[in-house]
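1. Predicted model, plus sequence, below.
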Amino acid sequence: MNTFILLMFMCCHCELKPILAFLANRNVSSESLSSLNREASEGFLWNNTRLPQSVIPLEYDIFLHPNLTEFMFSGKVEIKCVIRETTNFIVLHSKDLVISQTTLTTIPSNEQKEVRLQMKNDTDQLFLIMEDAIPKDAEILITIVFDGILTINGDGFYLSNYVDSNFIVRYTASTLFEPIDARGAFPCFDEPALKANFSMSIVREKKFISLFNMPRVHSIPFGENLMLDTFQQSVKMSTYLVAFAVCEFEGKSKLSKSGVNITVYYAPTSQIETVDFSLDAGVTILDYFSTLFEVSYPQPNLDMIAVPNLKVEAMENWGLITYKRQYLVMPINSGFQKKHLSALVVAHEIAHQWFGNIVTMAWWDDLWLNEGLTTFMQYLGVHAFNHKLHMEEYFIEKIESMREEDSKNTRVLDQPVSVPDKRIFDRVTYSKGASIVRMVRGLLGENAFMTGINNYLNQNKYSNVVSDDLWQALSNSSEDAIDLKAVMKTWMEERAYPLVTIHRNHSEVVISQEPFILMNTTFSRTTPRWSIPIQYGILDQHGNFSRNIVLLREETAIINISGHFKLVKGNYRDDGYYRVNYDPESWKAITDQLMINHEIFSPGDRANLLNDAITFIRFQLLNLSVVMNLLNYMEKETDFLPWISAQIALQDLTPGDIKPEIKVLMQNVARKATKALELLSNQLQAQENEKEEEEEAMQSVLEKLIRSINVRTNDIPNTTLGPIID
């Protein structure tokens with residue numbers, strides 16, 4: 001039982017005296033603690049892990065008093081609800097909370113209903129059972145007084161600590177509610193579709209500050225050495241986005257062009273650290289997204305807080321984003337890689353203010369709508385912040401996702417979720433989701449895609465969606481009236497991805513598809529068939545590429561190309577989530593062109609050629625000599641994406657794959673990388689340090705690749721190389 005588990009936990013981790021005081025102060029007797037358990041034996045009026053839709057929350061008014069000395073908190077929540085269906089019971093969530101008082105009042109009559117409680121522990125469901133039914137359309141006010149303990153596992157309302165610049169241990173209380181831990185901080189209807197407005201009051205010691213999703217309205221004394229902070233009511237949002245913190249942090253603020261006050265809160269531990277970079281990134285990216293999405297950021301504030309010991313990289317709480325410290329606070333002389341990663345994480349969380357916060361998935365099986373769209377948009381946000389980053393050339397989500405699907409029997413995007421947990425926050429949700437979105441943009445075109453995205457946001461503001469809502473909005477914006485729900489069906493319902501083969505016979509080009517099936521991959525059907533947006537580039541005799549697109553719905557399609565042309569490049573611009581193999585003559589034409597002028601192919605095109613080719617030799621789909629010839633141009637390669645894609649593919653070669661001929665391949669790559677390093681060094685000197693940070697990062701990638709290959713092929717590491725920058 002939750003109550004007894006809580007008390008046992010408290011007794012194990014705290015002294016007995018505070019526990020007894022805790023119970024005495026709340027007037028909680030042993031009889032009342034056992035009553036929930038006795039009533040549970042009577043059976044339950046609801047036996048579903050999802051909450052009934054008979055009662056809908058409208059507003060929460062939360063009072064919390066966290067005690068960072070005794071690591072406990074007390075509170076009261078008032079929940080205004082509307083009755084959708086006549087009922088004599090209400091089900092909400094509560095986890096590890098000691099409930100000392102519960103009342104239910106009808107509005108506006110103020111009639112108090114007699115309520116008895118029942119707890120279903122395996123689903124964290126708290127039942128409020130009335131003698132008389134409450135009629136449809138009635139409004140009620142549920143009031144619950146409760147106590148809890150600040151957890152130490154990093155979930156819910158939890159305690160963390162850090163050592164300040166004077167080597168003193170400081171404590172912080174903050175929240176991490178996604179997916180289902182708001183119920184551990186206050187009783188609530190803890191499902192994403194049950195959105196409501198939230199008001200908050202927090203008691204704190206004077207030496208602390210408190211933060212909430214919204215700005216503070218006022219602070220008043222509340223007993224000896226205590227203050228009561230009251231905050232503005234929030235916009236309508238899901239419980240997992242509620243956030244609050246009590247800490248001893250400093251803040252640095254900046255006003256965006258759109259009038260939003262952005263503040264970074266952090267614990268200063270060194271004079272040589274700064275939050276200027278992350279603050280500037282936040283300001284620029286927030287303004288950019290407000291313009292790009294044609295939906296204004298709805299709150300007056302956006303706080304970003306560096307939380308000690310945060311379990312996740314960051315969390316997109318509306319108006320109070322929490323981050324691991326290294327993404328907000330960094331040494332003054334930080335290099336390109338640290339800044340690049342910081343900007344990506346900041347952009348990701350700010351994009352969530354639209355995808356996830358303004359528009360939220362109806363249930364956790366559509367989590368990819370939050371994370372996939374946001375992962376794609378983060379690259380646009382970083383590029384807007386710093387055009388030098390050329391973020392389309394750093395999009396590694398597709399390579400990482402395919403790598404995962406090649407090595408594991410991964411799940412499908414449209415995976416039913418009964419009870420959400422941390423496992424759904426995986427590579428499929430983030431990277432495959434982002435890659436699928438990117439492919440759809442390539443199919444529709446930039447303008448139609450953004451029109452559809454903006455319509456999706458505007459049509460669903462402050463509400464909840466499923467995947468079909470996105471496909472419908474994008475279909476409506478399509479100039480060719482493409483039915484995206486039909487196109488995306490297999491992509492959503494099947495694991496893995498297709499292999500596309502391009503076979504040229506003079507002016508006739510045959511394009512075919514089959515599943516890229518590896519040993520660990522299974523499908524719901526024997527041979528799935530995708531609707532594949534095949535973008536292909538035709539290189540003419542004058543060295544110019546023309547872009548074409550065909551939607552391959554069948555197993556095979558034939559394309560006739562008029563005029564003279566040098567080659568056909570599949571997955572042109574690298575937008576597609578599939579691999580491409582060619583006939584031997586086409587591979588030779590591509591290899592020859594790379595040697596003549598590799599930059600005629602985009603970095604993304606070069607990356608998918610390399611990653612596909614190296615992957616193919618792992619599974620005997622391509623002759624090793626073809627790959628060796630393809631790699632010859634790489635001594636001239638100085639872009640990030642081609643090298644990282646080759647590195648990832650080579651890393652996936654297991655010891656059993658590294659036969660003598662594969663060792664030769666890896667040694668060849670190392671030689672090419674060494675020459676590319678020399679070229680980079682020469683370019684750096686010639687350009688008078690114009691791209692110093694970027695080139696240093698590129699050198700780090702190449703050095704790491706060379707060292708890795710040397711180790712795996714038992715060669716002596718090149719001692720002339722400098723230290724690797726991770």
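-> Received, thanks.

2. Below-threshold pLDDT in the stretch 301-450 of the chain: ranges please.
-> Scanning the stretch 301-450 of the chain for pLDDT under 70 picks out 389-390.

3. ok, now which ones touch the residue most central in space within the chain?
-> For the chain, the residue sitting closest to the mean C-alpha position, by C-alpha atoms, centre = their mean, is Glu371 at 4.1 Å. Residues in contact with Glu371 (C-beta atoms under 8 Å, 6 or more residues apart in numbering) are 356, 425, 429-430, 433. Placement of C-beta: from N, CA and C, glycine included.

4. Could you do Gly604 as well?
-> 392-393, 395, 573-574, 641.

5. rerun that using 6 Å as the cut-off
-> For Gly604, the contact set (C-beta atoms under 6 Å, 6 or more residues apart in numbering) comprises Asp574.

6. next helix or strand past the strand or helix carrying the residue nearest to the centre of the chain?
-> Secondary structure from DSSP states H and E places Glu371 in helix 367-385. Moving toward the C-terminus from helix 367-385, the next helix or strand (DSSP H and E) is helix 397-407.

7. tell me which strands and helices that following helix is in contact with?
-> On a contact count with 3 or more C-beta pairs under 6 Å, 6 or more residues apart in numbering; DSSP states H and E, helix 397-407 meets helix 433-444, helix 640-651.

8. try 10 Å
-> Counting contacts by 3 or more C-beta pairs under 10 Å, 6 or more residues apart in numbering; DSSP states H and E, helix 397-407 packs against helix 367-385, helix 427, helix 433-444, helix 603-618, helix 640-651.

9. Report the angle between the helix holding Glu371 and helix 433-444.
-> Going by axes from the mean of the first three to the mean of the last three C-alpha atoms, to 10 degrees, helix 367-385 is angled at 70 degrees with respect to helix 433-444.

10. So for helix 367-385, what gets flagged as buried?
-> 367-385 (16 or more other C-beta atoms under 10 Å).

11. Show me what counts as buried in the helix or strand hosting Thr284.
-> Assigned by DSSP H and E, Thr284 belongs to helix 276-293. Neighbour counts over helix 276-293 (16+ other C-beta under 10 Å) mark 277-290, 292-293 as buried.

12. same check, this time on stretch 212-224
-> By neighbour count on 16+ other C-beta under 10 Å, the buried set for stretch 212-224 is 212-214, 216, 222.

13. what do you get for stretch 556-563?
-> So, applying 16+ other C-beta under 10 Å, buried residues of stretch 556-563: 557, 559, 561.

14. show me the contacts for the first one.
-> Same thing as Ala557. For Ala557, the contact set (C-beta atoms under 10 Å, 6 or more residues apart in numbering) comprises 509-513, 532, 534, 550-551.

15. average pLDDT for the longest helix seen in the chain?
-> Criterion DSSP state H: the longest helix present in the chain is helix 660-686. Here helix 660-686 scores 81 as its mean pLDDT.

16. Going by distance to Tyr158, which of the buried residues of helix 276-293 wins?
-> Tyr158 lies nearest to Ser278 out of these, by C-beta to C-beta, at 23.2 Å.

17. what residues are up against that closest one?
-> Ser278 makes contact with 252, 262, 264, 266, 304, 306, 323, 326-330, 339, 342-343, 345-346 under the criterion C-beta under 10 Å, 6+ apart.

18. Distance of it relative to Asn301?
-> 16 Å (C-beta to C-beta, to the nearest Å).

19. cool, Asp147 as well?
-> Going from Asp147 to Asn301 by C-beta to C-beta gives 30 Å.

20. Same check on Leu444?
-> Between Leu444 and Asn301 the computed distance is 35 Å (C-beta to C-beta).

21. Just the buried positions in stretch 474-484, please.
-> Using 16+ other C-beta under 10 Å as the test for burial, stretch 474-484 gives 474-475, 477-478, 482, 484.

22. distance between the helix or strand that contains Leu567 and the chain's centre?
-> For Leu567, the element it lies in under DSSP H and E is strand 565-570. On the basis of C-alpha atoms, centre = their mean, to the nearest Å, strand 565-570 sits 37 Å off its chain's mean C-alpha point.

23. do the same with stretch 594-605
-> 32 Å.

24. next one: stretch 490-497
-> With C-alpha atoms, centre = their mean, you get 20 Å for stretch 490-497.

25. Same question for stretch 556-572.
-> Relative to the chain's own centre, stretch 556-572 is displaced by 37 Å; criterion: C-alpha atoms, centre = their mean.

26. how long is it from one end to the other?
-> 19 Å (C-alpha to C-alpha, to the nearest Å).

27. before we move on, what about stretch 351-367?
-> Stretch 351-367 end-to-end distance (C-alpha to C-alpha) = 15 Å.

28. The strand holding Leu567 packs against which elements?
-> Using 3+ C-beta pairs under 10 Å, 6+ apart: strand 565-570 touches strand 498-505, strand 508-515, strand 532-540, strand 545-552, strand 579-582, helix 584-597, helix 603-618.

29. can you tell me which of those comes nearest to Gly154?
-> For those, the distance to Gly154 is smallest for helix 603-618, at 35.5 Å, taking C-beta to C-beta.

30. What's the first helix or strand after the closest one?
-> Moving toward the C-terminus from helix 603-618, the next helix or strand (DSSP H and E) is helix 624-630.

31. which other helices and strands contact that following helix?
-> Partner elements for helix 624-630 (3+ C-beta pairs under 10 Å, 6+ apart): helix 584-597, helix 603-618, helix 660-686.

32. which parts of the last one are buried?
-> For helix 660-686, a neighbour-count test (16+ other C-beta under 10 Å) marks 662-663, 665-666, 668-670, 672-674, 676-677, 680, 684 as buried.

33. need those in TSV with distance to Gln125, can you?
-> Formatted as TSV, the buried residues of helix 660-686 follow (distance: C-beta to C-beta, whole Å):
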residue	distance to Gln125
Ile662	56
Lys663	59
Leu665	58
Met666	56
Asn668	61
Val669	57
Ala670	59
Lys672	61
Ala673	58
Thr674	62
Ala676	60
Leu677	60
Leu680	60
Leu684	62
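
34. out of the residues you listed, who's nearest His503?
-> Leu665 (24.9 Å).

35. phi, psi of Val82?
-> phi -120, psi 140 (degrees, to the nearest 10).

36. what's across from it in the sheet?
-> Ile56, Glu139 (DSSP bridges).

37. ok, now Phe157?
-> In this entry, Phe157 is beta-bridged to Thr175, by DSSP bridges.

38. Give me the pLDDT for it.
-> 98.

39. what's the burial count for it?
-> Using other C-beta atoms under 10 Å, the number of residues around Phe157 comes to 25.

40. go on, Arg427?
-> Counted by other C-beta under 10 Å, the residues lying close to Arg427 total 17.

41. Double-check it against Asp406; I have them as touching.
-> No - with contact defined as C-beta atoms under 10 Å, Arg427 does not reach Asp406; the gap is 11.5 Å.

42. Asn710: which of the helices and strands packed on helix 397-407 is closest?
-> Per C-beta to C-beta, nearest to Asn710 of the helices and strands packed on helix 397-407: helix 640-651, 12.0 Å.

43. could you check the angle helix 603-618 makes with the closest one?
-> Calculated by the same axes, to 10 degrees, helix 640-651 forms an angle of 10 degrees with helix 603-618.

44. If you count neighbours, what's buried in helix 640-651?
-> With burial defined by 16+ other C-beta under 10 Å, the residues of helix 640-651 counted as buried are 640-650.

45. Likewise for stretch 487-503?
-> Buried residues in stretch 487-503, counting neighbours by 16+ other C-beta under 10 Å, are found at 487-492, 494-503.

46. hang on, Met119 in a helix?
-> No - counting by DSSP: H, G, I helix; E, B strand; the rest coil, Met119 is not found in a helix; it is strand.
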